[in-house]
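Asker: from the sequence below, what's the structure:
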Amino acid sequence: MQLSPGHYSTNVTVCLQAPEAISQVQLLVQELRRITLLWDELWLGTLVQHHAEISRRLQQLELEVLRVEDNASLSSADKDRLIAEKHRIILKPLVFILEQLHAITSVPPETPHEKWFQEKFGEYITDALHKLKTSWNPRRPQESWQPLKQLQSRLQQRAQKRSAYTIHMMDISPALAGLKDSLIAMPGVTSRSGTIITVSAVDNNIAILPTKTKPKKLVFHGSDGQLYTYLFKGLEDLHLDERIMQFLSIANTMMQRSSSTSESMYRARHYSVIPLGPRSGLISWVDGVTPLFGLYKRWQQRETATVSLRGGQSSTSVQGGNGEPPRTAIMTLNRNK
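Answerer: Model (predicted):
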């Protein structure tokens, strides 16, 4: 998107009027983007995301190896050369993706967590990629992938530990951990008195939700002495969520104006959504509520356990033939999302 000259003029004016506040906001956004996906989360997510493609290409390579081996017109040297070339061509897209990722996680570390990752996995990943590109035994494609498969297993084991769900801000962003008495307005908060509430500190304890995009639960200390909790989500555009919240706010205003009393009997609960760009943002954390999917998941687990206790009776009414939840339940869940 190309920005107009007026946009740059506005930016320059704001920077001149409040340079320290702008600098602190830029630092906040930059550091939040850094922790969107930590390096270990990035590697695990990439390997899991491309698992099906990896399996397909390895199977394709094994078939190509068999075809070459069965070709009686080729000499042993020609077979070795042809198999090595097929190995390079078929795995090239995967190697490209992993090399790009390796370049990202090989830069000089700027946080204790990045330093830990490089010390723990840096040399192992470099060696694994080298073996993948120059397999010493191209006739056995699975062997060239084995080191990266072991890396995925190690990262998964670490992610599944309960201790992995909590981390310290000092480890992943010392800059945010050291932010004190800033001029940053508290995201999505409007004071009734008109006083601007600012971020006085960022709590050192971070909870990581064990879902696909690894959202982080952050706590900001306000200048009013209150705590403000947010869910920081990455790899997701929150602009649509923001528009929905704005619509609910407008709907509340319209219903209140149309009511004959000062308090309308209809009101939609909404919360602040603050996009920080096209792929990340903050969502105000709402305490004291239970996610709908959590209720559905527990119901499904109870029903499955009940069927198992009945001694293997037909579970058609609870699950499909492939062990999945019933389609009607899925449709109901999708409508309620």
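
Asker: whatever helix or strand K86 lives in: what's the following helix or strand?
Answerer: Using DSSP states H and E, K86 sits in helix 76-104. As assigned by DSSP H and E, the chain's next helix or strand after helix 76-104 is helix 112-117.

Asker: same question for the helix or strand harbouring R257, mean pLDDT?
Answerer: Counting by DSSP H and E, the element that carries R257 is helix 239-258. Helix 239-258 shows a mean pLDDT of 86.

Asker: identify all contacting residues around it.
Answerer: 263-264, 266-275, 278, 281, 283 (C-beta atoms under 8 Å, 6 or more residues apart in numbering). Heads up, the C-betas are built off the backbone N, CA and C, glycines and all.

Asker: follow-up on the earlier one: pull out the buried residues from the helix holding K86.
Answerer: Buried residues in helix 76-104, counted by 16 or more other C-beta atoms under 10 Å: 79, 82-83, 86-87, 90-91, 94, 98, 101-102.

Asker: gap between S200 and Q300?
Answerer: Taking C-beta to C-beta, to the nearest Å as the measure, S200 falls 43 Å from Q300.

Asker: please apply the same query to V107.
Answerer: 43 Å.

Asker: kindly report the same for T211.
Answerer: 17 Å.

Asker: can you check Q156 too?
Answerer: Remark: distance between Q156 and Q300 (C-beta to C-beta) = 23 Å.

Asker: and the two? Which one has more around it.
Answerer: The neighbour comparison of Q156 against Q300 (other C-beta atoms under 10 Å) goes to Q300, with 17 against 12.

Asker: I'd like to know which elements the host helix or strand of that one is packed against.
Answerer: Element membership for Q300 (DSSP H and E) is helix 292-309. Counting contacts by 3 or more C-beta pairs under 8 Å, 6 or more residues apart in numbering; DSSP states H and E, helix 292-309 packs against helix 327-336.

Asker: and the residue lying closest to F117 once chain neighbours are set aside, what does it touch?
Answerer: Leaving aside its sequence neighbours, F117 sits nearest to W39 (C-beta to C-beta, 6 or more residues apart in numbering; 4.4 Å). Neighbour list for W39: 104-105, 113-114, 117 [criterion: C-beta under 8 Å, 6+ apart].

Asker: buried subset of the residues you listed?
Answerer: Buried members of these, counted by 16+ other C-beta under 10 Å: 105, 113-114, 117.

Asker: include distance to I244 and pLDDT when you put these into JSON lines, please.
Answerer: Formatted as JSON lines, the buried ones among the contacts of W39 follow (distance: C-beta to C-beta, whole Å; pLDDT from 0 to 100):
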{"residue": "T105", "distance to I244": "35", "pLDDT": "96"}
{"residue": "H113", "distance to I244": "34", "pLDDT": "96"}
{"residue": "E114", "distance to I244": "36", "pLDDT": "96"}
{"residue": "F117", "distance to I244": "37", "pLDDT": "96"}
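
Asker: pick the one among these closest to S144.
Answerer: Relative to S144, the closest of those is T105; by C-beta to C-beta it sits at 20.8 Å.

Asker: look up phi and psi at the closest one.
Answerer: phi -90, psi 10 (degrees, to the nearest 10).

Asker: so it sits right up against E41, yeah?
Answerer: No. In this structure, T105 is not within contact of E41 by C-beta atoms under 8 Å, at 11.0 Å.

Asker: where does pLDDT dip in the stretch 151-300 of the chain?
Answerer: For the stretch 151-300 of the chain, applying pLDDT under 70 flags the ranges 162-164, 258-264.

Asker: who's in contact with stretch 56-76?
Answerer: Against stretch 56-76 from outside (C-beta under 8 Å, 6+ apart): 79, 82-83, 86-87, 90-91, 93-94, 138-139, 141-142, 145.

Asker: same thing but 10 Å
Answerer: 50, 78-83, 85-87, 89-94, 135, 138-142, 144-145 (C-beta atoms under 10 Å, 6 or more residues apart in numbering).

Asker: cool, stretch 142-158 as well?
Answerer: By C-beta under 10 Å, 6+ apart, stretch 142-158 touches 40-48, 51, 54-55, 57-59, 61-62, 87, 91, 94, 98, 120-121, 124-125, 127-138, 140, 164.

Asker: in ChimeraX, how would I select the buried members of these?
Answerer: Per 16+ other C-beta under 10 Å, the buried members of those correspond to this ChimeraX selection:
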select :40,41,42,43,44,45,46,47,54,57,58,61,87,91,94,98,121,125,128,129,131,132,135,138,164
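
Asker: strands - which of the contacts of stretch 142-158 land there?
Answerer: Counting by DSSP state E, no part of the contacts of stretch 142-158 is found in strands.

Asker: can you tell me which of the contacts of stretch 142-158 are in helices?
Answerer: If you go by DSSP state H, the contacts of stretch 142-158 have 40-48, 51, 54-55, 57-59, 61-62, 87, 91, 94, 98, 124-125, 127-133 in helices.

Asker: what's the neighbour count on E110?
Answerer: Neighbours around E110, by other C-beta under 10 Å: 13.
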